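Trainee: With the sequence up front, the predicted model follows.
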Amino acid sequence: MTTIGFIGSGRIGGALAHLAVAAGHDVVLSNSRGPQSLREAVAGLGARASAGTTTEAALAGDLVVVAIPVRAHRQVPVGPLRGRVVIDTLNYDPARQGVVPEIEAGDTAPQLLLQAHLRDAYVVKAFSTVFFRHLPQLARPAGAPDRSAVPIAGDHGPARAAVATLIDSLGFDAYDVGPLAECRRFAPGSPAQLAYLDPDGMFAAPARPASAADLAALLRQVS
Ligand SMILES: NC(=O)c1ccc[n+]([C@@H]2O[C@H](COP(=O)([O-])OP(=O)(O)OC[C@H]3O[C@@H](n4cnc5c(N)ncnc54)[C@H](OP(=O)(O)O)[C@@H]3O)[C@@H](O)[C@H]2O)c1
């Protein structure tokens, strides 16, 4: 089984950690406040979970999920993630998460920010489109007729394949859109980012499964 490190263990990180443990993976959680602040979260996840510093989580993970507010991206440790596969869940939302000057200045596209910071890591955008409460609602075993697909993008083919394998184990099909810059097609505000939302209830309603074919149609709406 795989060990997954988490840098950021809040809503989306925590939801992914629960799916990972349920799938038989080990998880190492971290945040900015230190491992002792994650004691309760670890206890809730059981024996497959532990907590560490961000560096420890980065070094422990066969894959590392980064799930922090975008404004904190510079605090993600660079050295320990060199050569590693990193799942980037981040969405830029300046009103809620704070402004990032280089994005506002147009120097870096929001979706490329983490890869620009982690130049020598293999960053794959994934799970940025799924509301954390919907993750457990949507997960299904392989082959289930209503299994959902989630889009992924990254510049390194083997890293995308490793993330796709993990995603499959968590209960989803990965839909590979190719290079990292292509994640603009499932960026905040795009049709694909709304794929699992019931238009009548939005975030308050139960998630609506979206197949690979559904997702393909939504992704095509952004040229
Ligand atoms: N919530 C969703 O449904 C959802 C869905 C898709 C994508 N996303 C994206 O995923 C990212 C995380 O969102 P979230 O909703 O999970 O946020 P959240 O619930 O606020 O969790 C953020 C986590 O990051 C940690 N953190 C903050 N600063 C850090 C730092 N410098 N170093 C290490 N850890 C740090 C926080 O813990 P401490 O504050 O204790 O350090 C917390 O564990 C955002 O970019 C968001 O746009 C969210």
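Mentor: Okay, I see it.
Trainee: make it CA atoms for all contacts and neighbour counts henceforth
Mentor: Fine.
Trainee: ok, now which ones touch residue 203?
Mentor: For residue 203, the contact set (CA atoms under 8 Å, 6 or more residues apart in numbering) comprises 131, 197.
Trainee: gap between it and residue 187?
Mentor: Counting by CA to CA, to the nearest Å, the gap from residue 203 to residue 187 is 17 Å.
Trainee: can you check residue 63 too?
Mentor: Applying CA to CA to residue 63 and residue 187 gives a distance of 22 Å.
Trainee: Looking at the two, which has the bigger crowd around it?
Mentor: Between residue 63 and residue 187, counted using other CA atoms under 10 Å, the more crowded position is residue 63 (25 against 20).
Trainee: Send over the worst-scoring helix or strand of the chain on mean pLDDT as PDB, restricted to the C-alpha atoms.
Mentor: The weakest-scoring helix or strand in the chain, judged by mean pLDDT, DSSP states H and E, is helix 94-97 (a mean of 91). In PDB, the C-alpha atoms belonging to helix 94-97 read as follows (Å, rounded to 0.1, in the frame of the first residue of the first chain):
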ATOM      1  CA  PRO A  94      -8.400  35.800  -2.800                       C
ATOM      2  CA  ALA A  95     -11.600  36.900  -1.000                       C
ATOM      3  CA  ARG A  96     -11.500  33.900   1.400                       C
ATOM      4  CA  GLN A  97      -7.900  32.800   1.400                       C
END
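Trainee: and the helix ranked longest in the chain, what other elements does it pack with?
Mentor: Assignment by DSSP state H gives helix 157-170 as the longest helix of the chain. Using 3 or more CA pairs under 8 Å, 6 or more residues apart in numbering; DSSP states H and E as the contact test, the elements touching helix 157-170 are helix 11-22, strand 85-88, strand 122-125, strand 149-154, strand 173-176.
Trainee: Now do the same for that helix: mean pLDDT, whole number.
Mentor: The average pLDDT for helix 157-170 rounds to 98.
Trainee: Tell me how far it lies from the chain's centre.
Mentor: Mean-position distance between helix 157-170 and its chain equals 12 Å (CA atoms, centre = their mean, to the nearest Å).
Trainee: ok, now stretch 65-81?
Mentor: Mean C-alpha position of stretch 65-81 versus that of the full chain (CA atoms, centre = their mean) differs by 12 Å.
Trainee: Likewise for stretch 165-180?
Mentor: Remark: stretch 165-180 is offset 11 Å from the chain centroid, using CA atoms, centre = their mean.
Trainee: what's next to it, contact-wise?
Mentor: Contacts for stretch 165-180 (CA under 8 Å, 6+ apart): 19-20, 23, 111-112, 123-125, 138-142, 147-156, 160, 164, 183, 212.
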